[in-house]
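> make a model of this:
(chains A and B)
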Amino acid sequence: MSLPHGVERRDFGGEDRLATRGEPVYGEPTEDGWRLWDARRSKLGAMLEREMDVGLDGGDGVLYLGAASGTTVSHVADFAGPTYAVEFAAWPARDLLDAARDRDRLFPLLKDARKPETYAHVVESDLGAIVQDVATRGQARVAAENSRFLADDGRLVAAVKARSEDVTGDPGDVFDAVLDELGERYEVLETERLEPFHDDHLGVVARPRER
Amino acid sequence: MNERSSTGAAWFADIDPGDMGAATEAIRERTADAPLNWPSEAIDAEFADDEADYYAKLREATLESTHDAVREREKADDQQLKHSVRAMDDCDRTANELAERVAEWAGTLFEDAGTGVDGARDLAERDPAGPTERRVVSLAERVASLADESDDLREYVERQAGTVAPNLAAMAGPVLAARLIALAGGLDSLAKMPSGTVQVLGAEDALFAHLRGRASSPKHGVIYTHEYVRGTAPEHRGSASRALAGKLTIAARIDHYSGERKPEIDRELDERIETIRARGESE
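All right, here's what the predicted structure looks like:
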């Protein structure tokens, strides 16, 4: 599988590690302008390490749901096109703002990913990808509600967190339920557990069904 | 027609390209059901010259708008801080009061019963013999858990104060910063106070006694707990607390209106206090 254009494996301390080109954000190691992208700190990074075909092309417009302090979305903005970063909590959004100030096309939005109508007047249509990493109940619903932003051949790239849906349930059962609900709006192309990088997370790549 | 109504919902619709204030507000306030190709809509509407210009404007507006939204959300946290610091003081006071009762009662039952919260903590660990001792030990357990709650609240206050009011918390220390915010009723009220009022916050009894002509004016309220007042020789404490209150007021205003950390005001205060204290030595 090939990595998205703009993501490369570079040598960091004798090991080939994922990296993107841009201003450092969170104290990550850099080599010749390339920033180490640590799969342990990033679920999308873990999906790339797991060699999932996320279908992201360099230059694609991206809607990133659950941007938190901007660790992953800063890497996405390094290789993607216009990147809209939605985060609901105020405290990580300060760091997200700092990451956005160093980038030309990373647009931070303090909005609730469960309410896409509160940012549909800003986020453009026909995006190449939605990257979703929201720690809230109803992750399938969030994905369905936001499908309005995707191009017909766009991709949903989601890290589903079992514990956000059901703290006590068996993660396998939780993932089945989420995939089931996701199937109403999306065709699931690939799934992969993200251990050992992230416990109880399922990486999902899907494309929207025809409306 | 459908498309037209959607275009009207765009963040840039009917907004002067030079009016970033209106644009940032539109990003926060407006809604739309469906997205459109906003870059090309904006070019058609002559809001932007080309795609690069559109994204540059979008960048400026989203950065500004999100910064404002974050600020507003953090400021709303001042009310939570107010409640938590009051609850902390209530827990503290109640624990101490109950500890006195426990000590008095336990003294009649146990030879070696200690006093205060520590004494109560000690008693709470004991194995009671008989129903009377069980009541005393149980009461001591309430004291211990109230004291624990107070510690947890203090930890929370110490963490939150720096987010709500970074400059004030750095200068006053997080707990005193929270107390000032609580006494004023919120960060916005504190920011609007003259520094003379901030200086005597928490000394309302003494202030009203003075206003009725029964006492001299108070030199300091709760800011007395600050090292810059308490650690200054008594004859200079008035000057020290006036200087401290002045800078605390400025810190609260920066926190309220901008939210950016400005370490230089700390240095100005350090220098001012040094001068005041040196005055004592040179005389």
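> so what's residue 148 up against?
No chain specified, so I'll use chain A. Applying Cβ atoms under 8 Å, 6 or more residues apart in numbering or on different chains to A:R148 gives the contacts A:116, A:120, A:125, B:34-35. In short, each C-beta sits where N, CA and C put it, glycine included.
> setting aside sequence neighbours, what's the nearest residue to residue 182?
You didn't say which chain, so I picked chain A. Excluding the flanking residues, the one nearest A:L182 by Cβ to Cβ, 6 or more residues apart in numbering or on different chains is A:A140, at 4.5 Å.
> that's the other chain; I wanted chain B
Leaving aside its sequence neighbours, B:A182 sits nearest to B:K82 (Cβ to Cβ, 6+ apart; 4.2 Å).
> do B:E158 as well
That would be B:P174: by Cβ to Cβ, 6+ apart, it lies 4.4 Å from B:E158.
> kindly report the same for B:D16.
Distances taken as Cβ to Cβ, 6+ apart place B:A22 nearest to B:D16, at 6.9 Å, with adjacent residues excluded.
> so where's the stretch 51-200 of chain B uncertain?
In the predicted model of the stretch 51-200 of chain B, no residue satisfies pLDDT under 70.
> that one against chain A: which residues are in contact?
B:55-56, B:58-59, B:62-63, B:66-67, B:69-70, B:73-74, B:163 (Cβ under 8 Å from any Cβ of the partner chain).
> now those: which count as buried?
Neighbour counting by 16 or more other Cβ atoms under 10 Å in any protein chain shown classes B:55, B:58-59, B:62-63, B:66-67, B:69-70, B:74, B:163 among these as buried.
> filter the residues you listed down to the ones in helices?
If you go by DSSP state H, these have B:55, B:58-59, B:62-63, B:66-67, B:69-70, B:74, B:163 in helices.
> which pair in those spans the largest distance?
B:Y55 and B:T163 (31.1 Å; Cβ to Cβ).
> distance between the longest strand anywhere in chain A and the chain's centre?
Secondary structure of chain A read by DSSP state E shows that its longest strand is strand A:150-161. A distance of 9 Å separates the centroid of the chain from that of strand A:150-161, by Cα atoms, centre = their mean, to the nearest Å.
> other SSEs contacting the very next helix or strand once past it?
Proceeding N to C from strand A:150-161, the next assigned helix or strand is helix A:162-165, under DSSP states H and E. Applying 3 or more Cβ pairs under 8 Å, 6 or more residues apart in numbering or on different chains; DSSP states H and E, one finds that helix A:162-165 contacts helix A:171-182.
> how about residues contacting the next helix or strand after the helix it packs on?
The first helix or strand that comes after helix A:171-182 along the chain, using DSSP H and E, is strand A:186-193. The contact list for strand A:186-193 (Cβ under 8 Å, 6+ apart) reads A:47, A:50, A:52-53, A:55, A:143-144, A:147, A:155-156, A:175, A:179, A:182, A:201-209.
> cool, stretch B:249-264 as well?
Outside of stretch B:249-264, the residues within contact range by Cβ under 8 Å, 6+ apart are B:71, B:74-75, B:164-168, B:170-172, B:180-181, B:187-188, B:190-191, B:193-195, B:198, B:265.
> compute the first-to-last residue distance for it.
In stretch B:249-264, first residue to last residue: 15 Å (Cα to Cα, to the nearest Å).
> how many neighbours does residue 77 have?
Assuming you mean chain A. Number of residues near A:A77 (other Cβ atoms under 10 Å in any protein chain shown) recorded here: 28.
> wrong one, chain B
Based on other Cβ under 10 Å, the number of other residues close to B:D77 is 18.
> can you tell me the closest non-neighbouring residue to it?
Of all residues not flanking B:D77 in the chain, B:V164 sits nearest, at 5.0 Å (Cβ to Cβ, 6+ apart).
> ok, now which ones touch the one you found?
Going by Cβ under 8 Å, 6+ apart, B:V164 touches B:74-75, B:77-78, B:81, B:181, B:187, B:255.
> same question, A:A140
A:A140 touches A:178-179, A:181-182, counting by Cβ under 8 Å, 6+ apart.
> repeat for A:Y26
Contacts for A:Y26 were tallied using Cβ under 8 Å, 6+ apart; they are A:69-71, A:74, A:95.
> and with 7 Å instead?
Counting by Cβ atoms under 7 Å, 6 or more residues apart in numbering or on different chains, A:Y26 makes contact with A:T71.
> any idea how far it is from A:D38?
Applying Cβ to Cβ, to the nearest Å, the value for A:Y26 to A:D38 is 10 Å.
> go on, B:E141?
According to Cβ to Cβ, B:E141 stands 46 Å off from A:D38.
> which of the two has more residues huddled nearby?
A:D38 (21 against 16).
> columns secondary structure on top of the contacts of B:V164, output as a markdown table?
Output for the contacts of B:V164, formatted as a markdown table (DSSP: H, G, I helix; E, B strand; the rest coil):
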| residue | secondary structure |
| --- | --- |
| B:E74 | helix |
| B:K75 | helix |
| B:D77 | helix |
| B:D78 | helix |
| B:L81 | helix |
| B:I181 | helix |
| B:L187 | helix |
| B:D255 | helix |
